[in-house]
Each structure stands twice: as C-alpha cells, then as structure tokens.
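Asks: Would you be able to build a 3D model of this:
(2 chains)
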Amino acid sequence: MLSLGSGGGKSTKPSFVSYVTPEDMKIKEKEEGLRSKHPYLLPGEVVFCSANHVLKYTQEDASQRGVYGTLLCTNFKIAFISDESASQETAPPFRNKLLSENDIPLTCVDHIYGVSDEKKKLIIGGQVKSKYPSKLIIQCKDLRVFHFSLTYAKEEEAKKIFQGIVHHSLEPKSLKCVFAFSYCETASPSQASRKSSLTLMFETKEDWSVELGRTKGNCKVSSANADYVISEKLPQFFVVPFAVSDDDILRFLGKGIPFWCWSHHSGCALFKMACLPTIQEDGISQKYMHRMLDAVTQDQLCPVKIEDLSSCLPALQDLQLSYNKFKQLFLIDSTTEFWVSDMKWFSSLENSGWLEIIRQCLMKAVEIVDYLESAHTSVLIVESFFVPAVPEEHCSDLCCVLSSLVQIMLDPYYRTRSGFQSLIQKEWVAGGHSFLDRCNHLYQKEKEVPAPVFLLFLECVWQLLQQHAPAFQFSETYLTVLSDSINIPLFSTFLFNSQHHRDTAMKPGHPEAQRSPLNFPSVWDWSLQFDCKAQSLFTNPLYVAKPIQDKALRKTSHQKHQRQLSLPNTLSKPSPRKGFFKEETDNLKKIFLGKRISKWLNPTESSKELYESWQRKPLDYQGLLLPYLDGPSVRVWMQRYLRWVPEAQIFGGGSITTVNRVLELASEIQDLQKEVERRSCRMNSSTAWTQVYSGPPLSARLSSFPFTATHAWSFKPAIPSSIRQSLGSVSSLADKEDDDCQGSGVL
Amino acid sequence: MEPLADVPQLPGEERITDKDIIYICPFNGAVKGKVSITNYRLFFKSFEVDPAMTLDVPLGVISRIEKMGGASSRGENSYGLDITCKDMRNLRFALKQEGHSRRDIFELLFRYAFPLSHSLQLFAFLSQEKFSENGWNVYNTIQEYQRQGLPNNKWRITFVNELYDLCDTYPTILMVPFKATDEDLRKVSAFRSRNRIPVVSWIHPVNQAVIMRCSQPLVGMSGKRNKDDERYLDTIREANGQTAKLTIYDARPNVNAVANKATGGGYEGEDAYQNAELVFLDIHNIHVMRESLKKLKDIVYPQVEETHWLSSLESTHWLEHIKLVLAGAIQVADKLSSGNSVVVHCSDGWDRTAQLTSLSMLMLDSYYRTMTGFQVLVQKEWISFGHKFSSRIGHGDKNHADADRSPIFVQFIDCVWQMTKQFPTAFEFNELFLMTILDNLYSCRFGTFLYNCESVRDNMKVKEKTVSLWSMINSENGKYINPFYSKESSRVLYPVASMRHLELWVSYYIRWNPRIRQQQQNPVEQRYMEMLALRDQYLKKLEELQISDSPRIANNSNSPASPTQLVHHVQTPL
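Replies: Here you go, the predicted model:
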C-alpha cells in the first residue's frame, strides 16, 4: 500500500527539490569540468542573453524551494535549463519537438510580474530601468505560471536577462522580428514546407471548386480579386452567387458582397457579408444591396434571413475583458490562493461572463442552423460592430465563429480532422481573420484590437465535443494543442491578418536578394511539433466513422449519403415565402448604413421545435448535432485550463483514465480487424477505423494533459486549507442540535 | 370504472383504486389520463398522447399530499392534488370540480402513502417478491472483520452488547481494544452520548492503524472528565505502535462543539486527553443539509435556473457541503495511511460520523469499491451502526415537516458519485446502482433501509419478513456494472475536494426534466459498450476463420500464425 509521509492539514509536496546552494553548485560545476548546458536551439534560433544560478520555484507557498538552472532568452523563447538532468521517470511521456517543458515562446508571454521586497508589481514593456526585481513571475497565454528567483544569479547576468526578457516579450516589435522569419531563412525547405495533403488550404480556385462541388453549392468561384487587385483583405479567390458580377465586387471594393460559406442539401446556403462603408442615403447603395440580396435568393428561389451579430453578441472589447477575468481564475500563484478562490469558484466563473458568451454563440449558431435546416432559408451573416480602432468592418471576427459553428453542427465532414482543418482554412485564414492583431503578438497597442476570437471558437467546439464525443474524429487534446499553437510564432496560419498580408510578408525582404519567397510552415504540419506516437493522441477513439460503402457503389451514392443530414419531414415551420422577408427589407437600410440598431430579433425559443424534433430521434453522430445549453451543460474546458494547477490534479484518476481504456480497446479492435482481414484475404472492411494510439498502455498516472510531466503532481492528497466558510448566515439552524438531545426514543 | 390496463404489479401488491385524472406536467402541460393507486405505487397513464405518457411513483417517495383549490376555484385545472416527493419532484393532478371528486382519492392516497400513521404495514412487509439471491447474507459482521484481519492480538470481539444493553443503537458484535475489559466498556459508555463508545470500523492491513467511531463525550458545562474514557482512548493509541498522538476528528464546526456543552455534550479537551489531538472538520448539522437540498430543488425543479445558474448553485451551498464532507474523509484517510489511528465522532455519531468513516474506508480499501464491498460498507457503517434511516427519511410517516428528516444518506451517495466521477475506472458499480439505492431508500419495497437501528429491526423481524434491496440488485447485477472498471488492489484514492472538480449530480437531481434526461445517456459509456461488442464480433469471426482455414494452414507451412499463436497474439493487447 502506498504509504504517505506524515503531516497535518498542510500539504507538503515531495517533488524535484534541490537544496543545493549556489556555492555547492560552483564546486559541482568545476568537478564536472564545466558541464555545458547548451539549450536545444531550432534553426535560426539565437541566444540573446542568459543567466546562471537562477532558481525556478516549484509552485509552493512559503517554502522557497525549487531547482537551479540557467535562464535564457532567445529570439524564439524564454528557456530554463535545469542543472539537474531530468530522470527518465519524470519526463513527460509525450513531448513537443519545438518546445521543452520549461520553454516559453516569446509570443506566449502574457504578463510578467516583478517581486521586490515582497511587493508584486506588473512589469510594463518600455519602462524598465536598470533595477531588476529579485523574483520574476511569468504568466503565459497557455496558462502556465513560472516563478524565477534572480537572487543567486550574478548581478550583471540577472540585469541582462531581466531586461532581455522584458524587451523581447513585452515591447512592440515589427513583424520581421517574429521568429518564423529567421527560422524559415535557415531551415531546410524539407523541414519547413510540407503540407498536409488532406487539408484544403483555400488558396487556389480548385480548392473552392472542390468545396462547392462537395456541398453541391449553386454559386461560382470568382477570381475578381486575383493578385489582390480589388482588396487586400479578401482572398484571391472566393465564392459568390452567380448573379454577382465582377463589377459588383469592384464597386465597393468587396464590401456588401455576399460571400458563400456552405450550401445545405436543400439548396439554401450560408453567406457572410462585410458591411458597406457608411455612405449617404442616395439610393444607389440601397439599390445595390437589394440586388445583392436578390443574388443570394437565386432569383427568388430561396428566401433569405439576415443575421446581424452585433445586435446579440458582445463586442470584441467585451470579449477580451471577459476572457481576461476568466483566465485570471486559473493563473494561481499558491496553494493558499487556490483554496481561497475555491470558495467563490462558481460565482467567479459566472462573473467573468465567459461561459455565457460561449453559450450565446452556440445559441446563435443553433438559430442559424434552424433557418437552414428546418425552414430551408438561406442565411446571411453580417457583423456591423462599430470598432473605433478599426474603421473598416470586415466579416472576419464573430462571423467566422458563427459560420464555422453552423457548419460543424450541420456537416459531419467538418468533424473529421481534415475537415475541421479545412474549415479553419476556409472561414478563418482565407476569410481574413486578423490573427496577428487579435493575438497581439507584436504588442502594437494602437493598431491591434486584441480579442480571443479564435479561442472562443475552439471553446465552442470543445463544448460540442464534450457533449457529443463520438461525433468528432479529433480529441480534446487536439483542440488543446491547437489552442497552444496559436502562441508559437512559427505558423503562417496564425501570424497574419490576411492572405495578402502573408504573401507580402513572405516576399524576399530586399529586391536584390536573389531568393525565392519564404515558405512558413502551416500549423497543420503537425509533424513539426509532434512525432507520430504523440499525434495519435489527437484521434478520438470514440469516433463513430461514417460507414464506407463498397467501392463501386461509393462513387454514386457517396455524396448523397453524406448530404442526408436533415431531419426527415420536419418542415414544421411555415412554408418559406419566396424572396427575403419583408421586415428585413425595412431594416436593410439601417443595417447597411452600419449603425447599431436595437434588438429586432427575438433571440431564442425559436429553436425549441428544432430541439424537440431532433431529440425525438436517436442521435445520429453523422447527422445534425446540436449543443445542450442548459446551465449545467456549458462547462469549463478542464484540460486546457486546469492542466498546470497541481492542486487540481486527480492523481491516478480523471477522465483520462476512461480515455485510456477506450484507447486500449480501440487498438485491440484494430489488431483484430487487421488479423481478420489478413486471414479472410478480402479487403472490404465495413467499418473505417482511424488509426488511434496503439503503443504500450498509457500509464495510469498520466496527467490530464499528456504533454506534462507526471512528477509535478504529488502523492499527497490535496486537503482544502482555509475552510472558513461562506456559510455565514444559515440562520439559526446551524446552531441547532441534530436531535433533541434527550427524549425521543430509538424509533 | 374500468381498471387501467398494463399497470406493473409486484407480488403482494394490491389495487386500491383507479380514477380519471389530469396530470399537470410541468414540462408538457396538462395531460388527461387515468391514475391507479395500489398499496405500493401511484401509476398514471395518459389517454391521448402517443406514445402514452406514464408516471410510476412508489408511494414511499411521497412526502406530503395537499389539496389544491376548492370546489369553487376558478380557472382550468385549479382543483386537485399537489404531491411533494422526497426525490426532487412534485406532482400535480387536477380533477373535475363536481361531487367532491377528490375526496376519496385524497383519503386513499393519504392512507397508503403514510401507512405508519394509519396503523398499516409498510409495503416491504406485504411484498411477496422472490429473488435468486438473498441480500440479507451479503453482510456478516464476523466475516467482514476477518477479511480485515481481525480480531488479532490487539483487538478483540466483544458480545457485551448482545442484548443491546450497553448501547441500544449499536450492533451486537463490536470490535474493541484487546486490553479493554467489558467492564471498562460499560464505564466508558456512561461518558459517551447515547452510550456510543469508540469501536473499530476498519484497520489498515499494513500499518495496523485503525478508524474508530463513537459519539461525543459528555463533558458538559462543567467540563467533566472521565478517567475510564481517557484511559480507553490511550489504549486505542497504544494498540498501534506508531501512533504518538491519537487524532480525534470531530466532524462539527468548532463553535457547534462548544455549544454542545450546554446540553451535556462537548469534545475531548486538551488537558484531559494529552496524547490526543483534536481536529474539527466544520461539517454542518442535519438541519443545514436539509435546507441546502431544499434550495437546490428550488433551482432545478421544475425549471433549471437559466441566467444565473452558477451563482444560484453556489448559493444553495450543496456542493460546498459535499466538499467539506469529502475533505474530512480525505484527512481521515491520509492520517491513517501515514500510520496513525484516528477516532471520528460528531454529536451522536450516526450522521456525519457515518459519512466520514464510510467515505474514508472507500478511499482506503478497494474492496468497498466492488459491488459486494459497497453493500457491505452500507450495511456495516450505516445500517448496523444505527444511522437513523427511519427518522431521517420518515418512512410511511405523514409528518413531512419533522425536523429529524435530513438527506444525510443522499449526501453520502452524492459524495460516492463524486468519487466515481473522479476515478471512473476504480468502482465496479455504475451510476444506476447508486440511483437504484437512492430510489429504494424511499420506496419501502425492501426492508434494507427501514428503521433506525438493529435492535428495532430485530424486534420487527425485518430479515425474516422483508426482502433485502441487495437481493434484487445481486439477482440482476449486470445492469449495475461499470464497464470501465479495472481491479486495482491496493491504491488509496484521494479525490480532489475542490469546487473545480465537484459537479452537480445532474442525472439524479434533475432527472425529471425531459431535456436534461436526454443528455444524460453517457455517450462515452455507450460507445465503449458498442466497441466491446465489436471486439467480441471480431473474436468470433476470427474463431470461425480459424476453423474454416485450418485445413489450409495445415497445408501451408508459410502461414505465420498457428491457431495457438493467433490466440496469443489476440490477447496481447488485453
């Protein structure tokens, strides 16, 4: 039996503690003949500065315990290299090839605090003087928190490393300073430019045609913006209704054009549109808008519904504010803080408003799904936020969230890994989401409007995933890793504001320099970050794949089968009128003048019938997927947010244990299937199994996130400290006796 | 009147009456149908809706029946019955407003829902159900102690309570320090509330530390001391060589323990018990828990609070109480694991004490995480040690406002559920098992949870005259097996008692809401079962292939897999 050291209520953690003083260390170093501690550097990575004898604290209250090592700052990351070599046992079972456990990409730094004389102060870039704090607290965008002590380092080194870290991670910089540039200049092409073949990148006309063909969309691919002649925000190719001419696109430089996103099998489709710039009410723009809407209705064949997101969803600033509050709940400095904040956990969560925003987005998506699915009405999403810093409005923020969510709910293709990646390429990358500005990678305060829009989308997908696990080919770990990759400054996917932005940035810097344009890797090239074994963790073993039919049959019926998504005979809604709704036309003027208008859509309840008819039938994981939105159903993405908090780790437990059981079984089935196929010598397998992890059984001690080391979690139970309750006013009941002391008999 | 067809009927169940009635469903509105009342259940079936809507409610879950509206009440469906249930729901029925139509049904329901208030027998005594297993044999006190390695040279069995004359709420067989004589036990019993002396619940198989349970010492305002009690506790400490200080966990908040002195109770003072340390666990009393669950019902039934779900949930404090109970049990388990014996008590030692000892045993001993082991645990720590089920639940009793009622056992099962959520592979039983236990906590179909203690059960001949819940469960236990379970012999499970991980048990507390019910079919478990079936299919197919292939294999020396090799290969991943 597991024996635990004695100890009272206070949990003391045996961990990788070093009691070695710097003096001992020097002796040790000499003895070992100045053992070199070279960091692992990527191609193009350069060390700016470093300091020895830095103490990295283990997350622990008063005990000033930790490990000594070297703190470095390179043009890619802040790295801590422990003086103690990590033993095989404690190393994480899976690792990221680009980053070690104690590496922080510069773009992943969220906040830095300096502690001097017990006072914790936020460090702001550009204001650093020659003084340096004795302790550094680095909070990362992936929710890790590092505590470093500079007390034992040489003064000069400490000063340099402090200034270096602050300068390179907190101060404005130009795009060219982002690590991807030096990486790609140095890395051999084979390392940098492999593409995931199954993912459609939507950079070519062909990709759009394929997508249009797959969904049987009744629209055309436009090359009006080839070479970005019309707009730098738009991709070179996109899809519009047949009736939209090149001249139309040119007229307002791409504004007011309904861009096709996806077609429903009934013929209706999903569009998004950037609002017209505010213009005089001269009738020209109105006439123009009416023509565009007619184009969407395909000559009055299909009614259209306009969804103005600004009337029902929060603005970008509110999004950022809410996420900042939410995030704070997981950036925990100490055990005491953990248990103190535990008392008000639920109300703090609610106060952040983040879960409510997720709920609203999903709710809105359901409404749009309802229009497409039940009423067979096309939907045009517009986003007319008035954002002071961005005078021009594009349909590239919440429009992307909503259009992507709608497609995931309606089309099982987007719940496969390649489909999901293609969707992000289509709606976000080609759709011109300003990743660079929203992520605030360059710290250019005036230009950027930071907001976790893409993360919000991943959060919504996670909700769907945890509610309907067997519907998704990818796992929770995949989503978590994807959310981390946003902060690695290497992938073209997340580094630019549009395709044009990327194309110009990747052109050779000096015209005289005789070389081909840089080729940044895409985040979908997962082999850059993970080996095959680790990548197999991205596959959801619970996934119920679409049955693959006989090859001969497949050609004809494949498409059809895939499109059979609708609820049969659920035309419960009144038969849609032809043309767009009257009430909408009255409002058109208001919308397209870009003014905020009052709520003219009653938000929900409308989708009640959709839910009811959907719930009446057994859930088809290859069919329509709706989120549950009741209070208890919208949850916190535990793996992403709690993975670094030692107090919150369930030692030897957690949902990862069931996942492991499923993985074991899945790999066993895989083996059996292969064996059956081999023996029967017929290759017509009826069930498609995606390759899942099939290595040795995953350790029961695996933490909730397979890329963290197990040693960080203690064997000791976490015993809540500070159980002083909030139960203050439970009336006089609390003082009452359980039973009237004497008297009442046994019965 | 024509009797309602297709009413389920247990052996021994008798039809009392049938009546046309309107069920006012909080989710779907008024539904016309017919209700049938038996001496066990209320069964309702709708007329018009297809598929027919049914309600099947054991009368035992009814807490309160009220008349709603009068003969002259206006408004549709305003005249009828309002039934409050113990299992987080209310039922409303409307009747025709003519000829005192509800008088009969009200009186019959009232009579059969509260049989003890009408000198009738509980249904468990009328039931003629037969099962292949006999659940009364699940728990045998001596066998359970033997399993733990008791008695030994430090601990002995005593029969001093054979006639319930030492303590009328304890079982007859008790495990006590070897060195303490029966005379000592009698002296100690005088100083412990309701004579509930410290006795062994569990012993650690390796370090021999023990969990003792008891009630509070009768210290009183004057701060009385009792040499026998002090010596007795020291004997307990000494019995385990490693324990320097005996830890006494007082489940109550400090202030409550102090307040108890006024009524003759109190806690072990430092002066009197120098070799002991006292730790208060801050768990509140039965009244606080009752109110907390009531608040929880308010926010989940009939409608789930929408806009401020999280803060509403927080304001019920239900999960906070769960957290404190779990945190207390973790401390007990941790102390024991490090080789120290502990004593656990609250006021009388039958509510919070039972929660703490049974939960810490569940953490420490994997046996209790099996189907049978859990039954033994409930039978031992709750039933035999006198948790007052009858008073806390109010079986067959009409006094719905009785202050003795409290969901202490529900809270315990909730804690167990929290543990199963955190360790999904460590428990042999599933959620349905826990829900079935709770449903039959109220149903009065089985004798298991009837009455307050063993002495009364003996008097009422419960074992002879009623069926045990475990008889039913063990006769069809396939339903209750957790497919993810993997046996692990010696692992201490420490759940994380943090709000970050505690969840509301939605599929129990909100199960009457059809929208929530829909969501609760665990897709992961379902999928896993499908995969298990698929694996079996493949295994079967392989077997068939082997049979049909075997002649070919015999002729083909290149074939790599002989049947035996293949079997080996197939089993490796297991």
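Asks: Would you point out which residue of the stretch 101-250 of chain B is nearest chain A?
Replies: Ranking the residues of the stretch 101-250 of chain B by distance to chain A (C-beta to the nearest C-beta) places residue B:206 first, at 5.0 Å. Using the backbone N, CA and C atoms, a C-beta is placed for each residue, glycine as well.
Asks: Could you look up the SS state of that residue?
Replies: Judged by DSSP: H, G, I helix; E, B strand; the rest coil, the three-state class of residue B:206 is coil.
Asks: Give the residue spans of the stretch 301-450 of chain A that score low on pLDDT.
Replies: Regions of the stretch 301-450 of chain A meeting the criterion pLDDT under 70 cover residues A:384-393.
Asks: any chance you could map the helices in the stretch 601-747 of chain A?
Replies: A:608-616, A:638-642, A:655-680 (DSSP state H, counting those that start in this stretch).
Asks: Now the longest one: buried residues?
Replies: Judged by neighbour count using 16 or more other C-beta atoms under 10 Å in any protein chain shown, the buried positions of helix A:655-680 are A:655-673, A:675-676, A:679-680.
Asks: which of those come close to chain B?
Replies: For chain B, the contacts drawn from these by C-beta under 8 Å from any C-beta of the partner chain are A:655, A:657-658, A:661-662, A:664-669, A:671-673, A:675-676, A:679-680.
Asks: What would stretch B:96-103 look like as PDB? C-alpha coordinates only.
Replies: Once non-C-alpha atoms are left out, stretch B:96-103 reads as follows in PDB (Å, rounded to 0.1, in the frame of the first residue of the first chain):
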ATOM      1  CA  LYS B  96     -63.400  17.500 -12.100                       C
ATOM      2  CA  GLN B  97     -64.800  20.100  -9.800                       C
ATOM      3  CA  GLU B  98     -68.000  18.200  -9.100                       C
ATOM      4  CA  GLY B  99     -69.300  15.800  -6.500                       C
ATOM      5  CA  HIS B 100     -66.200  16.100  -4.200                       C
ATOM      6  CA  SER B 101     -64.400  14.000  -6.700                       C
ATOM      7  CA  ARG B 102     -61.100  14.200  -5.000                       C
ATOM      8  CA  ARG B 103     -62.200  13.300  -1.500                       C
END
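Asks: tell me the mean pLDDT for it?
Replies: The predicted model gives stretch B:96-103 an average pLDDT of 84.
Asks: Which single residue in the stretch 151-300 of chain A comes nearest to chain B?
Replies: Of all residues in the stretch 151-300 of chain A, the one sitting closest to chain B is residue A:198 (24.4 Å; C-beta to the nearest C-beta).
Asks: Contact residues of the stretch 151-300 of chain B facing chain A?
Replies: Within the stretch 151-300 of chain B, the positions near chain A by C-beta under 8 Å from any C-beta are B:168-169, B:204-207, B:253, B:255-256, B:259-260, B:263-265, B:279, B:282, B:284-288, B:291.
Asks: So what's the residue count around the residue of the stretch 251-400 of chain B at minimum distance from chain A?
Replies: Ranking the residues of the stretch 251-400 of chain B by distance to chain A (C-beta to the nearest C-beta) places residue B:309 first, at 2.6 Å. Burial of residue B:309, expressed as a neighbour count using other C-beta atoms under 10 Å in any protein chain shown, amounts to 24.
Asks: ok, now how distant is residue B:214 from residue B:391?
Replies: 20 Å (C-beta to C-beta, to the nearest Å).
Asks: These two: which has the busier surroundings?
Replies: Set side by side, residue B:214 and residue B:391 give different neighbour counts by other C-beta under 10 Å, the larger being at residue B:214 (27 against 22).
Asks: Surely the more buried one is in contact with residue B:350?
Replies: No. With contacts defined as C-beta atoms under 8 Å, residue B:214 does not count as touching residue B:350, sitting 10.6 Å away.
Asks: shared neighbours of these two, anything?
Replies: Common neighbours of residue B:214 and residue B:350 (criterion: C-beta atoms under 8 Å, 6 or more residues apart in numbering or on different chains): residue B:196.
Asks: Now do the helices in the stretch 51-200 of chain A.
Replies: Under DSSP H, counting those that start in this stretch, the stretch 51-200 of chain A gives helices at A:155-170, A:179-186, A:189-192.
Asks: coming back round to it: got the contact list for the residue of the stretch 151-300 of chain A closest to chain B?
Replies: Contacts here follow C-beta under 8 Å, 6+ apart; on that basis residue A:198 touches A:418, A:421.
Asks: and residue B:18, that's in a helix?
Replies: No. Counting by three-state DSSP, residue B:18 falls outside a helix, being strand.
Asks: I figured it hits residue B:35, correct?
Replies: Yes. Distance between residue B:18 and residue B:35: 7.0 Å, which falls inside the contact criterion (C-beta under 8 Å).
Asks: ok, those two, which is more surrounded?
Replies: The residue with more neighbours, out of residue B:18 and residue B:35, is residue B:35; 25 against 18, by other C-beta under 10 Å.
Asks: Whatever residue of the stretch 551-700 of chain A ends up closest to chain B: neighbouring residues, count only.
Replies: As assessed by C-beta to the nearest C-beta, chain B sits closest to residue A:631 within the stretch 551-700 of chain A, at 2.6 Å. The burial metric for residue A:631, expressed as a neighbour count using other C-beta under 10 Å, is 22.
Asks: So residue B:443 is in contact with residue B:57, correct?
Replies: No. Counting by C-beta under 8 Å, no contact exists between residue B:443 and residue B:57, whose distance comes to 9.5 Å.
Asks: And the average pLDDT for stretch A:105-123 is what?
Replies: Averaged across stretch A:105-123, the pLDDT comes to 93.
Asks: May I have the distance across that stretch, first residue to last?
Replies: Taking C-alpha to C-alpha, to the nearest Å, the first and last residues of stretch A:105-123 lie 18 Å apart.
Asks: Now for chain A, the helix or strand with the poorest mean pLDDT.
Replies: In chain A, the helix or strand scored least confidently by mean pLDDT, DSSP states H and E is helix A:551-563, which has a mean of 40.
Asks: Would you mind pointing out the helix or strand the residue lying closest to residue B:421 once chain neighbours are set aside falls in?
Replies: Computed as C-beta to C-beta, 6 or more residues apart in numbering or on different chains, the closest residue to residue B:421 that is not its neighbour in sequence is residue B:503, at 6.4 Å. For residue B:503, there is no helix or strand it lies in under DSSP states H and E.
Asks: wait, doesn't residue B:503 sit right on residue B:422?
Replies: No. Residue B:503 lies out of contact with residue B:422 (C-beta under 8 Å); the separation is 9.6 Å.
Asks: Right, I'll leave it there.
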